[in-house]
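Colleague: A structural model of the following input is requested.
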Amino acid sequence: MSRACSRPSRGFTLIELLVTISVAVVLMTIAVPNFVQFQRNSQLTTTSNTLLAAVSAARGEAMKRGANAMVRPLTDNDWSKGWRIYVDVNRDNVWSDGTDIQVSVGAPLPSYISVNADGTAAEASPYLLFDASGYA
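Modeller: Prediction:
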């Protein structure tokens, strides 16, 4: 008398494994582009908040110190390379290494984000200037 094996089978069949992997691949192809878009939108929000914080910091420093404070790009008129916030002690509207007081420096932006400006911020030597009363 032979007895059939009464142990339950364990594991996955090859078909079940292939179906599971196929479903995972389809879900990943849908999710990855959306994740990249989400990440870039998040980076854009962070960048705009950082630039707004820089402008607010310059305004606060101008009022606190009773002097002109400026936000100016680090290189020429390219805001994407970063910016410098400083108190313009000698009032020459140019960063002077030994005289002016540096408040902070903004980090360079990712290559897919650009900053465009109007008014004095779009000129050959762009800047944002706040006087001692906090007015731009």
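Colleague: Please enumerate the helices of the protein.
Modeller: Along the chain, counting by DSSP state H, helices occupy 14-65.
Colleague: need the longest strand for it.
Modeller: Selection of the longest strand in the chain by residue count, based on DSSP state E, yields strand 78-87.
Colleague: Tell me where the model's unsure across this protein.
Modeller: By pLDDT under 70, the weakly predicted segments of the chain are 1-9, 120-123.
Colleague: let's see 80
Modeller: When residues are selected by pLDDT under 80, those of the chain lie in 1-12, 31-34, 76-77, 116-125.
Colleague: Look up how far residue 115 lies from the closest residue to residue 131 other than its chain neighbours.
Modeller: Spatial nearest neighbour of residue 131, excluding adjacent residues (Cβ to Cβ, 6 or more residues apart in numbering): residue 68 at 5.8 Å. For glycine as for every other residue, the C-beta is placed from the backbone atoms N, C-alpha and C. Summarising the geometry, the distance separating residue 68 from residue 115, computed by Cβ to Cβ, to the nearest Å, is 22 Å.
Colleague: the more surrounded of those two?
Modeller: Residue environment comparison for residue 68 versus residue 115 gives the larger neighbour count to residue 68, 21 against 16, counting by other Cβ atoms under 10 Å.
Colleague: show me the contacts for the residue positioned nearest the centre of the chain.
Modeller: Ranked by distance to the mean C-alpha position of the chain (Cα atoms, centre = their mean), the top residue is residue 47 at 3.3 Å. Taking Cβ atoms under 8 Å, 6 or more residues apart in numbering as the criterion, residue 47 is in contact with 109, 110, 113.
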